[in-house]
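**Student:** Let me see the structure of the following:
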Amino acid sequence: QVQLVESGGGLVQAGGSLRLSCAASGRTFSSYAMGWFRQAPGKEREFVAAISWSGGITSYADSVKGRFAISRDNAKNTVYLRMNSLKPEDTAVYYCAARDRAYSDPSRYDHWGQGTQVTVSS
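**Tutor:** As a prediction, this is how the structure comes out:
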């Protein structure tokens, strides 16, 4: 079992940057692949990025490729999402999730954090 807590969200102007963190409890964090997802009002939850348990494999949604970077520090039980060149359409609640393998389908994830709000003003 793993519990996840996101932080780092906030209000930023278009073109700005934020770094989200997701802290995990439990000793088995390093065995989980991790994903970041987001959900805007009135929209379905969508895939943003994922990283393998070792950090050696990453994947991104086309909409964030080249602007966002996912990373992890297994010694700190934390996964990060660095977001650069933010756009108003990036506004959403951002969630991290854990699973034994990395998927882009949110329904495949077993464990979720409570989310952190990111708002990008134009």
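
**Student:** Listing partners with orientation, what would you give for the lowest-mean-pLDDT helix or strand in the chain?
**Tutor:** When the helices and strands of the chain are compared on mean pLDDT, DSSP states H and E, strand 111-112 comes out lowest with a mean of 94. Counting by DSSP bridges, the strands paired with strand 111-112 are strand 92-99 (antiparallel).

**Student:** per-residue confidence averaged over the partner strand?
**Tutor:** The pLDDT scores in strand 92-99 average 97.

**Student:** what's the distance between the residue nearest to the spatial centre of the chain and Gln114?
**Tutor:** Nearest to the geometric centre of the chain sits Trp36, at 2.5 Å (CA atoms, centre = their mean). Per CB to CB, to the nearest Å, Trp36 is found 14 Å from Gln114. Quick note: C-beta positions are derived from backbone N, CA and C, even for glycine.

**Student:** Next, show the common contact partners of the two.
**Tutor:** Tyr95 (CB atoms under 8 Å, 6 or more residues apart in numbering).

**Student:** To which secondary structure element is the residue nearest to the centre of the chain assigned?
**Tutor:** Per DSSP states H and E: Trp36 is located in strand 33-39.
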